[in-house]
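>>> What follows is a predicted protein model with its sequence.
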Amino acid sequence: MQLLENASLQPFNTFGFAVRTRWMVHAADERDVAAALDHAAAHDLPLLLLGGGSNVVLADDWPGLALRIGIPGVEDAGARDGHRELRVGAGENWHRLVLDTLDRGLCGLENLSLIPGNVGAAPIQNIGAYGVELVSVFERLEAIRVSDGHRVEFDRAACEFGYRDSIFKRGARDQYLITRVCLRLPEAPAVNTAYGDIERELAAMGVREPTPRDVSDAVIRLRRAKLPDPAEVGNAGSFFKNPVVPRTHYEDLLGRYPGLVGYDQGKAGFKLAAGWLIDQCGWKGHREGDAGVHPKQALVLVNYGVATGREILDLAGRIQVSVAERFGVDLEIEPRVY
């Protein structure tokens with residue numbers, strides 16, 4: 001284990017906030033993880049767990065130890081019932097994994113193409129896009145309990161997945177460090193093109209009978225057209241969850257705002273497009289210094305240069321207030337705030 005002192009976290013958060021940490025460890029395997037946890041416990045250091053840094057807002061310098069998980073590897077764990085299981089290191093880049101599965105002739109992840117971040121963070125968020133969530137292909141995960149270093153496994157039920165949610169964002173927050181994720185992917189080609197603009201994009205590509213790779217290509221084109229590249233403009237992707245409201249609330253809003261964007265969730269109500277709500281409140285393209293709202297997608301807050309985490313959070317707070325006042329809808333911040 002290599003212990004770095006007074007290390008910059010700017011390269012390790014996609015917002016590009018110029019914060020530092022008292023200590024930092026880059027963990028390449030479980031032994032590094034165990035040594036880092038022992039060091040943090042022995043010196044009573046608060047622990048910050050980092051993967052790709054694509055879903056965090058670092059508001060201040062970190063006073064303890066930042067542990068960046070870089071465990072690599074994609075292991076073929078065998079086939080069963082027309083599916084193939086892959087055991088993936090938490091440090092693997094998510095989008096590269098999606099492309100790898102397509103190269104292997106597997107499907108199931110193509111709608112999740114180009115989502116930033118690493119594999120270890122995917123179960124925490126139950127990442128989802130274009131009508132598909134991680135839970136649909138998730139088998140189990142391996143983790144280390146922070147309190148005592150014991151290795152544990154979580155199956156799908158134990159993760160308590162919900163919309164952009166899991167037990168790791170609630171009762172088990174910061175209590176486990178995910179080391180590997182096991183996915184169960186169909187070997188027979190099948191595609192899901194019903195959500196959003198996928199069918200329209202495929203038509204523009206001249207594709208009539210899409211393969212999983214065609215769907216991946218369409219999703220990549222859509223995301224690149226709508227979302228800024230964190231390598232060019234600091235951001236963490238969607239900053240707010242799409243809120244789910246009761247059917248009566250949705251119908252009331254639809255009567256007042258005929259252009260309201262919503263998706264029927266059955267008994268749960270209707271999922272509203274947070275970006276549309278924010279846009280209607282006039283925030284799209286808004287900028288204050290280097291903190292702003294992206295001009296093409298109001299759901300994305302951006303750091304144009306030297307904005308701080310606190311400036312982004314202040315802007316987010318005022319957006320939440322305006323949406324609540326106009327629509328009676330509470331927006332929940334999606335990234336984890338530290």
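Nice, thanks for sending it over.
>>> Give me the three-state assignment for the residue nearest to residue 116 when sequence neighbours are not counted.
Leaving aside its chain neighbours, residue 116 sits nearest to residue 54 (3.9 Å; criterion: Cβ to Cβ, 6 or more residues apart in numbering). (Each C-beta comes from the backbone N, C-alpha and C, glycine too.) Recorded secondary structure, residue 54: coil (DSSP: H, G, I helix; E, B strand; the rest coil).
>>> what's the neighbour count on residue 54?
20 (other Cβ atoms under 10 Å).
>>> Over to residue 6?
10.
>>> so it makes contact with residue 20?
Yes: look at residue 6 against residue 20 with Cβ atoms under 8 Å: they come within range, at 6.0 Å.
>>> Can you show me the helices along the protein?
30-42, 94-103, 122-125, 156-159, 198-204, 212-226, 247-256, 274-280, 309-327 (DSSP state H).
>>> Name the stretch among these that sits most buried.
Of all these, helix 122-125 has the most neighbours on average by mean count of other Cβ atoms under 10 Å, namely a mean of 25.
>>> For it, name the packing helices and strands.
strand 176-186 (3 or more Cβ pairs under 8 Å, 6 or more residues apart in numbering; DSSP states H and E).
>>> Give me the buried positions along stretch 140-155.
140, 141, 142, 143, 144, 146, 154 (16 or more other Cβ atoms under 10 Å).
>>> Now, those that are in strands?
The members of the buried residues of stretch 140-155 that map onto strands under DSSP state E are 140, 141, 142, 143, 144, 154.
>>> check contacts around the first one.
So that's residue 140. Residue 140 makes contact with 153, 154, 155, 156, 182, according to Cβ atoms under 8 Å, 6 or more residues apart in numbering.
>>> possible to save the helices of the chain as a markdown table with mean pLDDT and distance to residue 177?
A markdown table is the format used below for the helices of the chain (pLDDT from 0 to 100; distance: least, Cβ to Cβ, whole Å):
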| stretch | mean pLDDT | distance to residue 177 |
| --- | --- | --- |
| helix 30-42 | 95 | 6 |
| helix 94-103 | 98 | 18 |
| helix 122-125 | 95 | 11 |
| helix 156-159 | 97 | 15 |
| helix 198-204 | 95 | 35 |
| helix 212-226 | 95 | 29 |
| helix 247-256 | 96 | 39 |
| helix 274-280 | 97 | 30 |
| helix 309-327 | 98 | 23 |
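>>> For residue 238, find the nearest of those helices.
helix 274-280 (7.7 Å; Cβ to Cβ).
>>> what's the closest one packed up against?
helix 309-327.
>>> helices or strands next to the helix it packs on in the packing?
Looks like helix 309-327 contacts strand 56-57, helix 274-280, strand 291-293, strand 300-303 (3+ Cβ pairs under 8 Å, 6+ apart).
>>> Any idea how far it is from the middle of the chain?
20 Å (Cα atoms, centre = their mean, to the nearest Å).
>>> For the contacts of residue 140, which two are the farthest from each other?
Among these, 153 and 156 lie farthest apart (Cβ to Cβ), at 11.3 Å.
>>> Would you check how far apart residue 144 and residue 30 are?
Separation of residue 144 from residue 30 (Cβ to Cβ, to the nearest Å) stands at 7 Å.
>>> Now do the shared contacts for these two.
151, 179.
>>> show me where pLDDT drops low in the stretch 1-150 of the chain?
Within the stretch 1-150 of the chain, not a single segment meets pLDDT under 70.
>>> ok, now how distant is residue 69 from residue 145?
With Cβ to Cβ as the criterion, residue 69 and residue 145 are 15 Å apart.
>>> ugh, typo on my part, it should be residue 15
29 Å.
>>> what's the answer for residue 73, then?
21 Å.
>>> what's residue 130 in contact with, if anything?
111, 112, 192, 195, 196, 198, 219, 222.
>>> and stretch 108-116, C-alpha only, in PDB?
The C-alpha coordinates for stretch 108-116 follow below in PDB (Å, rounded to 0.1, in the frame of the first residue of the first chain):
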ATOM      1  CA  GLY A 108     -28.300  -6.400 -21.600                       C
ATOM      2  CA  LEU A 109     -26.000  -3.400 -21.000                       C
ATOM      3  CA  GLU A 110     -26.200  -1.600 -24.300                       C
ATOM      4  CA  ASN A 111     -28.800   0.900 -23.100                       C
ATOM      5  CA  LEU A 112     -26.400   1.800 -20.300                       C
ATOM      6  CA  SER A 113     -23.600   2.800 -22.700                       C
ATOM      7  CA  LEU A 114     -21.500   5.800 -22.000                       C
ATOM      8  CA  ILE A 115     -22.600   6.200 -18.400                       C
ATOM      9  CA  PRO A 116     -19.500   7.700 -16.600                       C
END
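>>> list the buried ones in that stretch?
Buried, per 16+ other Cβ under 10 Å, within stretch 108-116: 108, 109, 110, 111, 112, 113, 114, 115, 116.
>>> now these in CSV, with distance to residue 275?
Listed next are these as CSV, based on distance: Cβ to Cβ, whole Å:
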residue, distance to residue 275
108, 26
109, 24
110, 23
111, 18
112, 19
113, 19
114, 17
115, 16
116, 17
